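S.K.: My questions are about this predicted structure, shown below with the sequence.
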Amino acid sequence: MTEDENAGGAPGDAAPPVNASVPVGGAPADSRSPHRNETGFSSLFLLQKFTVESDRYFETVRRTEGMWHTDVHAINAVVEADRRGYAITPTDLRKRLVLSGPATSALIDRLVRDGHLTRHRSETDHRAVILHATERARQMGADMFAPLVDHMMHVMRGIHPDDIALFDAIIVMLTRAVQHAQDEVAAAQAEAGSAPRATGTPDDGPRGEEPTA
């Protein structure tokens, strides 16, 4: 347990109110961005730190489960599609994860074999294969991220509902900004004839790493 966790109490307790006057970090003084002096720019570095720490947690739990990076990202993509009620095909998954065709096929074969995904022909287009997540995959995801959710909800309980609503709106807008930036970069690459390189091979995991069980 860290010093911060000791100060905050047990995960089941109500978190103390957030004191917005306490300095929590910001943009580095040597930032070269033209936006470095604008209000809100330092908040992007806090989001970056949040992302880095979330990725560290993700690395720990996915290695514990013996999963590849792409295994978890693929399952998340299919679960999201199921939740929102739209069909996701192997081609959709390949584009989402920026993988080669053979790597995507190997990934899906592995996840189907391990009981995380199912696949069947579309009822409207028998040429299309539709992917779905299994209950096993959903439960695994819930178990993997339960400790993270518990600790984050411990913090959220101490925040006023009006502030939560504002936070939600900001996160939605920032997510759209990231998506727009991604579309802009992809369009520029396509125009220049340098599409993002698809990664992965049928026999290799991401970056050549071995998952640690």
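M.R.: Good, I have the coordinates.
S.K.: Could you check how far the helix ranked longest in the chain is from the centre of its chain?
M.R.: Ranked by residue count, the top helix of the chain under DSSP state H comes out as helix 161-192. Distance, stretch centre to chain centre, for helix 161-192: 14 Å (CA atoms, centre = their mean, to the nearest Å).
S.K.: likewise stretch 84-91?
M.R.: Taking CA atoms, centre = their mean, one finds the center of stretch 84-91 at 17 Å from the center of the full chain.
S.K.: which residues touch I130?
M.R.: I130 makes contact with A87, I88, T89, R119, H120, R121, S122 under the criterion CB atoms under 8 Å, 6 or more residues apart in numbering. Where you see a C-beta, it was placed from the backbone N, CA and C, and this is true even at glycine.
S.K.: same thing but 6 Å
M.R.: Counting by CB atoms under 6 Å, 6 or more residues apart in numbering, I130 makes contact with A87, H120, S122.
S.K.: That one and L97: what is the separation?
M.R.: 17 Å (CB to CB, to the nearest Å).
S.K.: Likewise for K49?
M.R.: Counting by CB to CB, the separation of K49 from L97 is 25 Å.
S.K.: of the two, who's got more company?
M.R.: Between K49 and L97, counting by other CB atoms under 10 Å, L97 is the more crowded of the two (19 against 12).
S.K.: Can you read off the pLDDT for the residue minimising distance to the centre of the chain?
M.R.: The residue lying closest to the centre of the chain (CA atoms, centre = their mean) is H73, at 7.1 Å. H73 is assigned a pLDDT of 92 by the prediction.
S.K.: And for Q182?
M.R.: At Q182, the model reports a pLDDT of 88.
S.K.: in the chain, which spans are strands?
M.R.: With strands called from DSSP state E, the chain shows them at 117-121, 129-133.
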